[in-house]
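S.K.: dropping the sequence and predicted coords here.
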Amino acid sequence: MITEEQIKNALQKVFVPTAEQSVTDLNLVRKITITAEGKVTITMASTALSQEVQDFVAAGIRAALADFKDTAVSIEYVEAKPEELNDVKQIIAVMSGKGGVGKSLVSALLAIALKRQGKRVGILDADITGSSIPRMFGINARPLGSETGLLPVVSESGIEVMSMNLLLPQEDSAVIWRAPLMSKAISQFWTDVVWGKLDYLLIDLPPGTADAPITVMQSLPITGVIIVSTPQGLVEMIVKKAVNMAQQMKKPILGIVENMSYFYVPELKKKYELFGESKGAALAKVALAPLLGQLPIDPELARLCDNGDIEHYTNESVANLGKALLAALETKTKSG
Ligand SMILES: Nc1ncnc2c1ncn2[C@@H]1O[C@H](COP(=O)(O)OP(=O)(O)O)[C@@H](O)[C@H]1O
Ligand SMILES: [Mg+2]
């Protein structure tokens, strides 16, 4: 007779289109029952699945169980809220007081580093008017969804992404909204998206210390915050505001990432600090958090971002950033 283990293994190979994640990883499997006579009933959440997709998934499940010839399988769908399905271990917000310092880039590189370590990772692009995550990853598929929720779109290496840009008619369409609507959209990217099972969800925040970052900090169960800065003096001042904000809102600062720290000329084996001396260590002191890494200004990186190929960036700084973040999370867990 078929076992629950065999059914679970089979379900791991049933994928939801566009989300390109298995029904198991999206946490859509609600219940498996096997009667004494060996009749199997699989209860699935219908969340974010249109009738067409529900049929497609059901057919996929039947195909995956086709080897068990004598087993009668019935598949039923029940309604569930995305929040009931989401099982996200850590939520990390990436912020900075200022725009253009590389928040989106750092969010992307952290996600890539964690993914390369075999973790399940998502990015919630909370920069509603200035979304840049889909562009960096070369993603332009429209998310699947229904009245009950939305499914994230998946990157080449398997990172789940949700962004306003994926919902707009065109990548360059403008979103002209007032703050309350914007905050609502960000909250909905949390409450209405089926992220499923994730080890890490990174939130790419819009610049500043206004409504959007406050919404995220208040309404999402954030593990901690990563602050991005550059060596310019003006940036340092503005970034300190972000540090203050995180501290006031009692959100742990997991670390500081300094971007555009230097420019390296391999022919001369020399580093040039184009924006002046690094201020990362000083800022880390103010934030009472570790300096997770310093990223060079790298034309190759800029090119990969523009071409949607950021996942092909192999500079060792990425792996180091990932390791530093995991170490910081571990320290935080130990210290409570
Ligand atoms: N270290 C870097 N090397 C090269 N280009 C970079 C670097 N950091 C950022 N950029 C470029 O600068 C632009 C702005 O970065 P982005 O991450 O979008 O900033 P933010 O999200 O803070 O507004 C991007 O187009 C990116 O390609
Ligand atoms: Mg950005």
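M.R.: Nice, I can see it. Numbering: from 1, shown residues only. Ligands and ions are numbered 1, 2, ... in the order given.

S.K.: enumerate the residues of the stretch 201-336 of the chain near ligand 1.
M.R.: Taking Cβ under 6 Å from any ligand atom as the contact definition, the stretch 201-336 of the chain meets ligand 1 at Asn259, Met260, Leu295, Ile297, Asp298, Leu301, Ala302, Cys305. Where you see a C-beta, it was placed from the backbone N, CA and C, and this is true even at glycine.

S.K.: which of those residues lies closest to Val225?
M.R.: Asn259 (15.8 Å; Cβ to Cβ).

S.K.: quick one: the residue nearest to the closest one when sequence neighbours are not counted from Asn315, how far?
M.R.: Once flanking residues are discounted, Asn259 sits nearest to Gly102: 3.7 Å by Cβ to Cβ, 6 or more residues apart in numbering. Separation of Gly102 from Asn315 (Cβ to Cβ, to the nearest Å) stands at 14 Å.

S.K.: comparing those two, which residue is more hemmed in?
M.R.: For Gly102 and Asn315, the more surrounded residue by other Cβ atoms under 10 Å is Gly102, and the numbers stand at 23 against 14.

S.K.: next up, the contacts around that one.
M.R.: Val228, Thr230, Asn259, Met260, Leu295 (Cβ atoms under 8 Å, 6 or more residues apart in numbering).

S.K.: next up, the contacts around the residue of the chain found nearest ligand 2.
M.R.: Residue nearest to ligand 2 within the chain (Cβ to the ion): Ser104, separated by 3.3 Å. The neighbours of Ser104, taking Cβ under 8 Å, 6+ apart as the test, are Asp125, Asp127, Ser132, Ile133, Met136, Asp204.

S.K.: and these as CSV, adding secondary structure?
M.R.: Shown next, in CSV, are the contacts of Ser104 (DSSP: H, G, I helix; E, B strand; the rest coil):
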residue, secondary structure
Asp125, strand
Asp127, coil
Ser132, coil
Ile133, helix
Met136, helix
Asp204, strand
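
S.K.: ok, which of those also contact ligand 2?
M.R.: Asp127, Ser132 (Cβ under 5 Å from the ion).

S.K.: max pairwise distance over the contacts of Ser104: which two?
M.R.: Every pair of these checked by Cβ to Cβ; the farthest is Asp127 and Met136, at 11.9 Å.

S.K.: so these two - more neighbours on which side?
M.R.: Neighbours per residue (other Cβ under 10 Å) separate Asp127 from Met136, with Met136 holding more: 29 against 23.

S.K.: OK, contacts around the more buried one?
M.R.: By Cβ under 8 Å, 6+ apart, the neighbours of Met136 are Ser104, Leu105, Ala108, Cys305, Gly308, Ile310.

S.K.: now which of those would you call buried?
M.R.: Ser104, Leu105, Ala108, Cys305, Gly308, Ile310 (16 or more other Cβ atoms under 10 Å).

S.K.: and the strands in the stretch 1-150 of the chain?
M.R.: 15-16, 21-22, 29-34, 40-45, 73-78, 87-95, 121-125, 145-146, 149-150 (DSSP state E, counting those that start in this stretch).

S.K.: and these, which is most packed in?
M.R.: strand 121-125 (a mean of 26; mean count of other Cβ atoms under 10 Å).

S.K.: parallel or antiparallel, list what pairs with that one.
M.R.: Using DSSP bridges, the strands paired with strand 121-125 are strand 160-163 (parallel), strand 197-204 (parallel).

S.K.: and the nearest residue to Val73 once chain neighbours are set aside, what does it touch?
M.R.: Leaving aside its chain neighbours, Val73 sits nearest to Val40 (4.7 Å; criterion: Cβ to Cβ, 6+ apart). Shown in contact with Val40 (Cβ under 8 Å, 6+ apart): Ile2, Ile7, Ile32, Thr33, Ile34, Leu65, Thr71, Ala72, Val73, Ser74.

S.K.: neighbours of Gln54, how many?
M.R.: Neighbours of Gln54 under the rule other Cβ under 10 Å: 15.

S.K.: please disregard the earlier target; I meant Leu110.
M.R.: 26.

S.K.: ok, now Val194?
M.R.: 30.

S.K.: roughly how far does it sit from Leu49?
M.R.: Counting by Cβ to Cβ, the gap from Val194 to Leu49 is 9 Å.

S.K.: alpha carbons only: can I get the helix ranked longest in the chain in CSV?
M.R.: Secondary structure of the chain per DSSP state H: the longest helix is helix 316-335. Extracted in CSV, the C-alpha atoms of helix 316-335 (Å, rounded to 0.1, in the frame of the first residue of the first chain):
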residue,chain,number,x,y,z
GLU,A,316,34.1,36.8,-4.0
SER,A,317,32.6,39.8,-2.3
VAL,A,318,29.2,38.2,-2.8
ALA,A,319,30.0,35.0,-1.0
ASN,A,320,31.7,36.9,1.8
LEU,A,321,28.6,39.1,2.2
GLY,A,322,26.5,36.0,2.6
LYS,A,323,28.8,34.4,5.1
ALA,A,324,28.9,37.6,7.1
LEU,A,325,25.1,37.9,7.2
LEU,A,326,24.7,34.3,8.3
ALA,A,327,27.2,34.9,11.1
ALA,A,328,25.4,38.0,12.2
LEU,A,329,22.1,36.2,12.3
GLU,A,330,23.7,33.4,14.4
THR,A,331,25.1,35.9,16.8
LYS,A,332,21.7,37.5,17.1
THR,A,333,20.0,34.2,17.7
LYS,A,334,22.5,33.4,20.5
SER,A,335,22.1,36.7,22.2
